[in-house]
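Participant: got a predicted model here, sequence first, then my questions.
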Amino acid sequence: MKVDLAYGRGTLAVDFPDRGTTVIEPRHGVALADERAALMDSLENPIGSAALRDRIWPIDRICLLFTDSTRATPNERIVPWLLEHLRDHPRENILLMNQLGTHRPNTHDELAEMLTPEVLANYEVVNHDCHDADSLVQIGEMGDGTPALLNRRAVEADLRIVTGFIEPHFFAGFSGGPKGLMPGVAGLPSVMSNHGFDNIADPNATFGVTHGNPLWEELLRIAKLAGPSFLINVTLNESRDITGVYSGSLEEAHRQGCGRVKQSAMQPVDEAFDIVVTTNSGFPLDQNLYQGVKGMTAAGRIVKAGGMIILACECSDGIPAGSPFEELLNEVNSADEILGMLSGGGAPRAEQWQAQIQALVQSKAEILVRSNLPDEVIRRCHLTPCDDIGRIVNERLAQLPDDARVAVLPQGPLTIPYLAL
């Protein structure tokens, strides 16, 4: 059977054996008939909150937080519609802030593509910088006593409008909601505290779990300390069509959106597979290998111990090169060494959480990567290059019993499989 795997801005067509291959996809969400009308209605009739315009005075400073270029949020539609809704509010009192977390800043051209050139030309738009101590303010403490630092201008605003989209998240349960503030506009020490070794290792820090997940519960607690916020989260299908709009209370609107996503994205399977082929859902999430860990983790939930995972992840933006994630991977000789180093109680490292999760998946299965990265770069990250997914699958199956099974996740972490007990 031929399966189209999401890859970059297109697809990879791969032939899989008809026998023993299971394709696992999300339940396709139906696009809203009128996305703009649905968004406007949601702003007027939000969940657990007064209508957006009823919460704003003309003198109020508004900080509109939007997701960065690694996220599939349709900012180019949502943000202009939202600003149209706020057209009577003074433009000089509206600041747009990029929820970069610890990611690299987006360029002017990227911001123009994300927000539209018109928005970029007519409003103040800033990239959050988690390293800039002068731009941060302490609003409390993390669970381990580390200062809880958020962007000063976001905190000093009278209202934060937090936008984004909801999908399963490999250690925060779901994206969206409080993540727009913490870690979206948080300081690096706070992010490293929340994403520390013990929190990442907690069994509840996984796809689909919020309450009871120590990492997510701390994200929510810190986000609430920032002051009043209004959430605008959407759910999407594989074409980036909006299937639902969830506006209002940071916690309640997010909870309802998560319930919708859990129904569409979480797929039970009866038993584990010998080989799992996954993607990172294509652009924009497969721009780099750092994000590709999400696809590995989705596959790791249903692969047999000692099995094989093949990740199709274009990596047009590299690892990224020179990132803390790449530096950490390159300074050890194996995935096992990563876990040993991070569990040793030393000072936390930026982006260590991604390396930790990659190493945990590798402790269960071999991971191959089909990408545009040079083979030597992939090997330095303790992964195996894959030039032809179909050929590698058939070669591995030839070494296994006749009843060996293959799972294919064409949309990667947009589908979260789990073993039904």
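Facilitator: Noted; the coordinates are in hand. All figures in this text were calculated on a predicted structure; none of them were measured in a lab.

Participant: ok, and what's touching the lengthiest helix in the chain?
Facilitator: Across the chain, the helix with the greatest residue count (assigned by DSSP state H) is helix 252-265. Helix 252-265 is contacted by residues 26-27, 29, 46-49, 166-168, 173-174, 176-178, 208, 210, 231, 233-235, 243-244, 246-247, 414-416 when judged by Cβ atoms under 8 Å, 6 or more residues apart in numbering. For the C-beta atoms, the positions are set from N, CA and C on the backbone; glycine is no exception.

Participant: which parts of that helix are buried?
Facilitator: Buried positions in helix 252-265, judged by neighbour count with 16 or more other Cβ atoms under 10 Å: E252, A253, H254, R255, Q256, G257, C258, V261, K262, S264, A265.

Participant: now stretch 132-146
Facilitator: Using 16+ other Cβ under 10 Å as the burial criterion, the residues of stretch 132-146 that qualify are S135, L136, V137, I139, M142, G143, T146.

Participant: greatest separation within the residues you listed: which pair is it?
Facilitator: Of all pairs drawn from those, the one with the largest separation by Cβ to Cβ is S135 and G143; the distance is 23.7 Å.

Participant: stretch 23-31 spans what distance, first to last residue?
Facilitator: Across stretch 23-31, the terminal residues are separated by 23 Å (Cα to Cα, to the nearest Å).

Participant: now do the buried residues in it.
Facilitator: Of the residues in stretch 23-31, those buried by neighbour count under the rule 16+ other Cβ under 10 Å are I24, P26, G29.

Participant: avg pLDDT for it?
Facilitator: In this model, stretch 23-31 has an average pLDDT of 88.

Participant: likewise stretch 191-200?
Facilitator: Stretch 191-200 shows a mean pLDDT of 94.

Participant: can you check stretch 90-106 too?
Facilitator: When pLDDT is averaged along stretch 90-106, the result is 96.

Participant: could you give me the buried positions within that stretch?
Facilitator: N93, I94, L95, L96, M97, N98, Q99, L100, G101, T102, H103, N106.

Participant: now those residues as a markdown table including distance to L360 and secondary structure?
Facilitator: Conversion of the buried residues of stretch 90-106 to a markdown table gives the following (distance: Cβ to Cβ, whole Å; DSSP: H, G, I helix; E, B strand; the rest coil):
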| residue | distance to L360 | secondary structure |
| --- | --- | --- |
| N93 | 46 | helix |
| I94 | 42 | strand |
| L95 | 39 | strand |
| L96 | 36 | strand |
| M97 | 33 | strand |
| N98 | 30 | strand |
| Q99 | 26 | strand |
| L100 | 26 | coil |
| G101 | 21 | coil |
| T102 | 20 | coil |
| H103 | 22 | coil |
| N106 | 30 | coil |
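
Participant: follow-up on the earlier one: for the longest helix of the chain, C-alpha coordinates in CSV please.
Facilitator: The C-alpha atoms that make up helix 252-265 are tabulated as CSV, following Å, rounded to 0.1, in the frame of the first residue of the first chain:
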residue,chain,number,x,y,z
GLU,A,252,-11.8,26.3,31.4
ALA,A,253,-11.7,27.2,27.7
HIS,A,254,-8.5,25.2,27.4
ARG,A,255,-10.1,22.2,29.2
GLN,A,256,-12.9,22.1,26.8
GLY,A,257,-10.6,22.3,23.8
CYS,A,258,-8.4,19.6,25.2
GLY,A,259,-11.5,17.3,25.5
ARG,A,260,-12.2,17.9,21.8
VAL,A,261,-8.6,17.1,20.8
LYS,A,262,-8.4,14.0,22.9
GLN,A,263,-11.4,12.5,21.1
SER,A,264,-10.0,13.2,17.7
ALA,A,265,-6.3,12.5,18.2
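
Participant: okay, and the beta partners of the nearest residue to P228 once chain neighbours are set aside?
Facilitator: Nearest in space to P228, with sequence neighbours left out and distances taken as Cβ to Cβ, 6 or more residues apart in numbering, is L159 at 5.7 Å. Note on L159: beta-bridge partners by DSSP bridges are I62.

Participant: packing partners for the lowest-mean-pLDDT helix or strand in the chain?
Facilitator: Lowest mean confidence among the helices and strands of the chain (mean pLDDT, DSSP states H and E): helix 335-342, at a mean of 90. Using 3 or more Cβ pairs under 8 Å, 6 or more residues apart in numbering; DSSP states H and E as the contact criterion, the secondary-structure elements in contact with helix 335-342 are helix 352-362.
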